[in-house]
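Participant: Have a look; sequence and predicted model below, questions after that.
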Amino acid sequence: MVKIYKKVDLTGTSCAGPIGELMGLMDEINQGEAVEALLKDEETKNMVVNWAKTVGLKIFEERKEGNNFVVVVGK
């Protein structure tokens with residue numbers, strides 16, 4: 001089970017904003033930790049998932065929560 005380091009609401013950010021926020025948080029976490037990100041739409045979720053995979057991060061969970069999407073990404 002992965003330890004959630006922080007939960008962040010990124011529904012108010014657009015374009016590359018969520019990736020910028022997550023990049024900074026990835027520098028703070030240790031191996032076995034993750035950040036749970038709340039995202040506003042499927043396009044943003046897909047962008048975050050693709051970025052994470054490209055830079056070698058792990059996607060621990062993806063789910064829809066109401067009208068938003070949640071991605072748990074970490075090391």
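Facilitator: Received the coordinates, thanks.
Participant: quick one: contacts for residue 45?
Facilitator: Residue 45 makes contact with 39, 62, 69, 71, according to CB atoms under 8 Å, 6 or more residues apart in numbering. All C-beta spots, glycine's among them, are computed from the backbone N, C-alpha and C.
Participant: Redo the residues you listed as TSV? Include pLDDT and neighbour count.
Facilitator: Shown next, in TSV, are those (pLDDT from 0 to 100; neighbours: other CB atoms under 10 Å):
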residue	pLDDT	neighbour count
39	96	24
62	97	15
69	97	22
71	98	24
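Participant: among the residues you listed, which two are most distant?
Facilitator: The largest separation in those, counting by CB to CB, is between 39 and 62 at 9.9 Å.
Participant: could you dump the contacts of residue 45 to CSV with distance to residue 28 and secondary structure?
Facilitator: Shown next, in CSV, are those (distance: CB to CB, whole Å; DSSP: H, G, I helix; E, B strand; the rest coil):
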residue, distance to residue 28, secondary structure
39, 19, strand
62, 22, strand
69, 23, strand
71, 17, strand
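Participant: want to try TSV for those residues, with distance to residue 20 as columns?
Facilitator: Putting the contacts of residue 45 into TSV (distance: CB to CB, whole Å) gives the following:
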residue	distance to residue 20
39	13
62	20
69	18
71	15
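Participant: neighbours around residue 4, how many?
Facilitator: Neighbourhood size, residue 4 [other CB atoms under 10 Å]: 14.
Participant: ok, it - contacts?
Facilitator: 33, 34, 35, 36, 72.
Participant: In a markdown table: those, plus neighbour count, pLDDT and distance to residue 6.
Facilitator: Shown next, in a markdown table, are those (neighbours: other CB atoms under 10 Å; pLDDT from 0 to 100; distance: CB to CB, whole Å):
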| residue | neighbour count | pLDDT | distance to residue 6 |
| --- | --- | --- | --- |
| 33 | 16 | 97 | 9 |
| 34 | 23 | 98 | 9 |
| 35 | 24 | 98 | 5 |
| 36 | 18 | 98 | 7 |
| 72 | 17 | 98 | 11 |
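Participant: Lovely, talk soon.
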